[in-house]
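Trainee: coordinates only, sequence not included:
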């Protein structure tokens, strides 16, 4: 997605390789009970560099960053120096921007920037001074909103800018960004990269955590890799390669990252479609969307965040009420009034927000896998069939390689990748004919990503119709037979237009931004409303 | 079932929370015994069981409701109206024994009205049941023309005052309710749906679970058990009163559930915890009387216990934070 944006933001290796490091972490270990989350990790960051930190989920990145921010205390023996001074004397030098933003939505931008460090005389906030100090920082970042704007009215991308602005109020010399682009649209990501370049030019160092390879290539001066709590190594920009990074992260080589062994010729006309969606609309985000899905096909849906992809999927599976349109399965028009009706017809949907909308975090893996089918398996009187539940859970854990101590472990304690596998297992247990995956690899580590791609491929080979919504262009291209591109609630076009042609990032980007035709791209439509 | 944990929703945290309160119960009992010297007598334990019985029944229904993330403030009023109906029906010659089923039907009807308002009209449970707390109380007073109704020859008085093998019937009924509740929660599809709908209602809906049905069931059940509680109260007293009977019973029931480790936000908790919670409240009431603490101080102590319980709930949920 950021092949253009990336180029624009490529750093001129602004890092001063000779300078004393801004951050030196050495021999950091951390144990939680009997679990060793980190073992003798050392990390050194130079002023003004973008230092990417990579590793599978559970590798210890977040723990290391929490130790850096002071949220956790390292085991004795570890030393952290910031600008040559011990950590305890360097308050304000390090700012961490977490995945879950920590802003007060009903306060203004300026109030949020000084939250907890209000400029006040005798308890009364000096608003004039607050604004006066916030304004130049916002100007430095080149943002379009002002200090008086309410945070609730900003998009997710803009809120992230507020977080960065907040970091700058303390003169932070090192900013940690934990998967900052996860919920941003392409355009917002571009803006973020510009701001990153600006911060670097001011000699501010950045530790950047991301699973997205494209971003790592585009931005990093150096990349350090953690695996299972151990520091594996650091690559200079010149030595970066996908193979080396992946093998450092997983400790083995991934044969082919994207898996596409199925092929669906029917997808380009000829043959009856498995599913036809006709003139679907919800009166808000989705406008008159029609498409066909063929059995054994993987149909990608690309588009900016906010283009209506998730909303369209939710209409199809009955999660939200539609104002018009119909769903035709094998020539039969369905009357879908809720998710139950869709499930009965074999239409399943994997939500993009597994923690909020998918999983029962307090319940066990087994219960999460079985919850959709316990009714079918039950004995007379609705008594649970524990034997069949245990069988299904064990089979799912094995087939999807879920890493867990037991099928009865609560799902809330699993890593992102394993949680996603559990949610996918629940869908598969219902015996679906159509699966709509919404951002199936979001917040999932490299190993689990590759397994999810294999699974999608296997489903297509079994004749299931698969729809995959994704913001990661490389993955949409790598997995799909065809890609539909959505823009502003409509299906803007299909890539490729004919069978056999190649799916290119350029074609998808052109359709999704509207630059292909008489486009009038408006930034406001690409807000993050689609991301809960 | 050889292994009670197999595949059931017996969450580790819930077990831990329930066990967390069991020692408190035991310590309280020992303390009262040491101070009074007669707390652990057979006679007194039977007293405590009778004292706890009605609250156990109400709190069982409340456990279902709170597991879905809701609340039922109307149980005390429903108990009152059901008790009125039980006594009034018992006065009918020949059909006096119909008092018990009549009370349960009235309770169920009240609960279903709550349930329909909450599940179909999507009104907040707190507001709906706060409304019925007041309205149903009014109905109860209306039924007896605002007086106390008596029946000295209550045909089902054995429920309130008899015992079987030395165990009061009230306690037996309460235990049966607890066991049935446990069975529904941990051994049936419906039980799993209740935990699912409470833990994550939107995910439950997307999974094809009918959340409105689950809500209708839990409020209906809470009403039904309040009706049963009404019959139990009436049979103990040979009388019912629309004004006073069941006043603030909802608070004792909620306190028992929260003491038992069921989370206010829904999805986490167990019926055994509720049983322990209700017993703690009964032991406190009985023990404080035994050692001669005044009525006023009993209120203060019970109130403090409720606050400590909620504090424990907070502490437990924050302690359970995941990565």
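Mentor: Nice, thanks for sending it over. These numbers come from a predicted model, not from an experiment.
Trainee: could you point out which element follows whichever strand or helix holds residue A:111?
Mentor: For residue A:111, the element it lies in under DSSP states H and E is helix A:109-113. Toward the C-terminus, helix A:109-113 is succeeded by strand A:120-121 as the next helix or strand (DSSP H and E).
Trainee: what is that next one packed up against?
Mentor: Counting contacts by 3 or more CB pairs under 8 Å, 6 or more residues apart in numbering or on different chains; DSSP states H and E, strand A:120-121 is packed against no other helix or strand. Every C-beta, even on glycine, is put in place using the N, C-alpha and C of the backbone.
Trainee: residues in contact with the helix holding residue A:111?
Mentor: A:103-104, A:118, A:125, A:127, A:130-131, A:134-135, A:137-138, A:145-151, A:154, A:162, A:165-166, A:169 (CB atoms under 8 Å, 6 or more residues apart in numbering or on different chains).
Trainee: low-confidence ranges, chain B, go.
Mentor: Along chain B, the model assigns pLDDT under 70 to residues B:1-20, B:306, B:309-310, B:312-314, B:316-323.
Trainee: what about the strands in it?
Mentor: B:148-150, B:163-164, B:167-168, B:239-241 (DSSP state E).
Trainee: now for the last one, which elements pack on it?
Mentor: If you count contacts as 3+ CB pairs under 8 Å, 6+ apart, strand B:239-241 packs onto helix B:75-90, strand B:148-150, helix B:211-237.
Trainee: do you know which of the ones you listed lies nearest chain A?
Mentor: Closest to chain A of these is helix B:211-237 (CB to the nearest CB; 10.2 Å).
Trainee: and the angle from the closest one to helix B:75-90?
Mentor: Orientation check (axes from the mean of the first three to the mean of the last three CA atoms, to 10 degrees): helix B:211-237 against helix B:75-90 gives 60 degrees.
Trainee: which elements pack onto helix B:211-237?
Mentor: Counting by 3+ CB pairs under 8 Å, 6+ apart, helix B:211-237 packs on helix B:42-67, helix B:75-90, helix B:99-119, helix B:158-161, helix B:169-187, helix B:189-199, helix B:201-206, strand B:239-241.
Trainee: out of these, which gets nearest to residue A:274?
Mentor: Between residue A:274 and the helices and strands packed on helix B:211-237, the shortest gap by CB to CB is with helix B:201-206, which sits at 21.6 Å.
Trainee: give me whichever of the strands of chain B is most buried.
Mentor: strand B:239-241 (a mean of 24; mean count of other CB atoms under 10 Å in any protein chain shown).
Trainee: what about chain A, any weak spots by pLDDT?
Mentor: For chain A, the ranges with pLDDT under 70 are A:1-18, A:33-35, A:57-58, A:99-101, A:251-257, A:270, A:515-532.
Trainee: helices or strands next to the strand or helix carrying residue A:280 in the packing?
Mentor: Take DSSP H and E as the rule and residue A:280 turns out to sit in strand A:275-281. Where contact means 3+ CB pairs under 8 Å, 6+ apart, strand A:275-281 is packed against strand A:289-293, helix A:309-316, strand A:324-329.
Trainee: sheet-wise, list the partners of it with their directions.
Mentor: Paired with strand A:275-281 in the same sheet, following DSSP bridges, are strand A:289-293 (antiparallel), strand A:324-329 (antiparallel).
Trainee: out of those strands, which one sits most buried?
Mentor: Taking mean count of other CB under 10 Å, strand A:289-293 is the most buried of the strands paired with strand A:275-281, at a mean of 20.
Trainee: quick one: work out the angle between that strand and helix A:309-316.
Mentor: 70 degrees.
Trainee: now find how far off-centre strand A:289-293 is within its chain.
Mentor: Relative to the chain's own centre, strand A:289-293 is displaced by 26 Å; criterion: CA atoms, centre = their mean, to the nearest Å.
Trainee: what about residue A:104, neighbour count?
Mentor: Applying other CB atoms under 10 Å in any protein chain shown, we find 12 residues neighbouring residue A:104.
Trainee: not counting sequence-adjacent ones, nearest residue to it?
Mentor: Of all residues not flanking residue A:104 in the chain, residue A:112 sits nearest, at 6.0 Å (CB to CB, 6 or more residues apart in numbering or on different chains).
Trainee: kindly report the same for residue A:203.
Mentor: Nearest non-adjacent residue to residue A:203 (CB to CB, 6+ apart): residue A:48, at 4.2 Å.
Trainee: surely that neighbour touches residue A:197?
Mentor: No. Taking contacts as CB atoms under 8 Å, residue A:48 lies outside contact range of residue A:197: 11.0 Å.
Trainee: neighbour count winner among those two?
Mentor: Counted by other CB under 10 Å, residue A:48 and residue A:197 do not tie: residue A:48 has more neighbours, with 22 against 17.
Trainee: give the helix, strand or coil label for that one.
Mentor: coil (DSSP: H, G, I helix; E, B strand; the rest coil).
Trainee: and the stretch 251-400 of chain A, which residues reach chain B?
Mentor: A:317, A:319, A:338-340, A:343-344, A:349, A:351, A:356-364, A:366-367, A:371-372, A:374-375, A:378, A:381-384, A:386, A:389-390, A:393 (CB under 8 Å from any CB of the partner chain).
Trainee: which ones among the residues you listed map onto helices?
Mentor: A:339, A:340, A:343, A:344, A:366, A:367, A:374, A:375, A:386, A:389, A:390, A:393 (DSSP state H).
Trainee: the closest residue to the second one other than its chain neighbours: neighbour count?
Mentor: Nearest residue to residue A:340, sequence neighbours excluded (CB to CB, 6+ apart): residue B:208, at 4.4 Å. Counted with other CB under 10 Å, the neighbours of residue B:208 add up to 20.
Trainee: report the contact partners of residue B:208.
Mentor: So residue B:208 contacts A:339, A:340, A:343, A:344, A:372 (CB under 8 Å, 6+ apart).
Trainee: quick one: which of those residues is nearest residue A:511?
Mentor: Among these, and counting by CB to CB, the member closest to residue A:511 is residue A:339, at 30.1 Å.
Trainee: domains of chain A?
Mentor: A:3-93+A:171-250, A:102-156, A:265-346+A:432-530 (automatic domain parsing).
Trainee: so which of the helices and strands packed on strand B:239-241 comes closest to residue B:175?
Mentor: Once the helices and strands packed on strand B:239-241 are compared by CB to CB, helix B:211-237 is nearest, at 12.9 Å.
Trainee: show me what from the stretch 151-300 of chain B comes close to chain A.
Mentor: B:187-192, B:195-196, B:199-200, B:202-210, B:267-268.
Trainee: who wins for proximity to residue A:434 among the helices and strands packed on strand A:275-281?
Mentor: Among the helices and strands packed on strand A:275-281, if distance is taken as CB to CB, the winner is strand A:289-293, at 6.8 Å.
Trainee: residue of chain A closest to chain B, please.
Mentor: residue A:386 (3.7 Å).
Trainee: so residue A:189 sits against residue A:183, correct?
Mentor: No. With contact defined as CB under 8 Å, residue A:189 and residue A:183 do not form a contacting pair (10.1 Å).
Trainee: how about the residues of the stretch 1-150 of chain A near chain B?
Mentor: residue A:62.
Trainee: not counting its neighbours along the chain, what's nearest residue A:263?
Mentor: Nearest to residue A:263 is residue A:481, by CB to CB, 6+ apart, at 7.2 Å.
Trainee: list the contacts for that neighbour?
Mentor: Per CB under 8 Å, 6+ apart, neighbours of residue A:481: A:262, A:263, A:264, A:267, A:297, A:298, A:299, A:460.
Trainee: report the contact partners of the fourth one.
Mentor: Applying CB under 8 Å, 6+ apart, we find residue A:267 in contact with A:294, A:297, A:299, A:481, A:482, A:499.
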